[in-house]
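[1] What follows is a predicted protein model with its sequence.
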Amino acid sequence: MLEVTDLTIRSSSGTVLIEDLSFDLVTGRLTCLIGPSGCGKSSVLKWLAGVLSGELRVAGQARLHGAEMSLPHPAIAYQPQQDTLFPWLTILENASLGLEIRRTGRSIARDRVRALFPTFGLEGHERSFPDQLSGGMRQRAAFLRTMVQKSCVLLLDEPFSALDAVTRLMMQGWLTGRLAEDPRSVLMVTHDLFEATQIADRVLVMAADPGRIVSDISITTPRADRTEVSLAETRLSLRSMLLENT
Ligand SMILES: Nc1ncnc2c1ncn2[C@@H]1O[C@H](COP(=O)(O)OP(=O)(O)OP(=O)(O)O)[C@@H](O)[C@H]1O
């Protein structure tokens, strides 16, 4: 389990961007983080990933299985909002980079990643460069790069925002299926309430000025029983919370 305690982030001028944020991420559970634009969702992920701008002032602690962590930490894999693929590397090289950095041998890493290219709709593009692919394909390559890492915590910042509706459903299904086989803690930012209620075990709702958690909702309906209708009430209540806090 990953625990975040009393996270406060201030700008260099002292403005409080995020105040006293505390939450935990349980292994095998997918937590969605929602909230109005600018409330600090990406900043939470960036801090946990160890890539928050150095000019921001941060207080707070992260613990993994009870032990304090220094960030960045190899137990955490991060997919930023932008795909951040290196333009001079092929899609295969980009997608296997996370594994290679963590010392998986190059050919093993590439074989492992190549095997998933069909599932991620990237087959035939192993040697393409990022600027030869659509935004959705680049996002799937970045998602693949994150998912193949063996890290026990995954931070996903709007991982499906560039995907068409059908591909998005396929990737959501793949993610939840993968988590069932190989449980990890997932914190995923989304602006899509339907997505959140379809795949999350829990939804954390943030408000802005300063960024803080205002609601923590567990979704216990089994995923197979989740439909437009069965979770309509949950979506309505999430929407009202967002409207109240925007
Ligand atoms: N380096 C920085 N210096 C000063 N302020 C920053 C910096 N980075 C982010 N902020 C501010 O922190 C706040 C939170 O930004 P953040 O990107 O985390 O929000 P968000 O909820 O992820 O937004 P969105 O949903 O639009 O992606 C914003 O007010 C933003 O302007």
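    Okay, I see it.

[2] For this protein, which residues are neighbours of the ligand?
    Counting by CB under 6 Å from any ligand atom, the chain comes close to the ligand at 11, 17, 35, 37-43, 53, 55-56. The way it works is simple: take the backbone N, C-alpha and C, and place the C-beta from them, glycine included.

[3] got TSV for those, with pLDDT too?
    What follows is the residues of the chain next to the ligand, written out as TSV (pLDDT from 0 to 100):
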residue	pLDDT
11	95
17	97
35	96
37	95
38	95
39	96
40	97
41	98
42	98
43	98
53	94
55	95
56	96
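
[4] Now do the strands in this protein.
    Here the chain has its strands, by DSSP state E, at 2-10, 16-25, 30-34, 57-64, 67-68, 76-79, 153-157, 185-189, 202-207, 212-218.

[5] now the residue most central in space within the chain, which residues is it bridged with?
    Geometric centre of the chain, nearest residue: residue 156, 1.2 Å, by CA atoms, centre = their mean. Beta bridges link residue 156 to residue 79, residue 188 when assigned by DSSP bridges.

[6] which among the residues of the chain next to the ligand end up buried?
    For the residues of the chain next to the ligand, a neighbour count by 16 or more other CB atoms under 10 Å gives the buried set as 17, 35, 39-43.

[7] and the residues you listed, which two are the farthest apart?
    Farthest-apart pair in these is 17 and 35; separation 12.6 Å (CB to CB).

[8] Settle this for me: residue 195 is touching residue 160, isn't it.
    Yes. Taking contacts as CB atoms under 8 Å, residue 195 lies within contact range of residue 160: 7.0 Å.

[9] For the two, indicate the residue with more neighbours.
    The neighbour comparison of residue 195 against residue 160 (other CB atoms under 10 Å) goes to residue 160, with 24 against 20.

[10] where along this protein do the helices fall?
    Ranges of helices in the chain, per DSSP state H, are 41-49, 91-101, 106-114, 135-147, 165-181, 193-199, 232-244.

[11] helices and strands around the first one, which ones?
    Yep, that's helix 41-49 we're talking about. Helix 41-49 sits against strand 2-10, strand 16-25, strand 30-34, strand 57-64, strand 76-79, strand 153-157, strand 185-189, with contacts defined as 3 or more CB pairs under 8 Å, 6 or more residues apart in numbering; DSSP states H and E.

[12] One more pass at 6 Å, please.
    Based on contacts counted as 3 or more CB pairs under 6 Å, 6 or more residues apart in numbering; DSSP states H and E, the elements that helix 41-49 packs against are strand 153-157.

[13] Check which helices and strands the strand it packs on sits against.
    The contact analysis (3+ CB pairs under 6 Å, 6+ apart) places strand 153-157 against helix 41-49, strand 76-79, strand 185-189.
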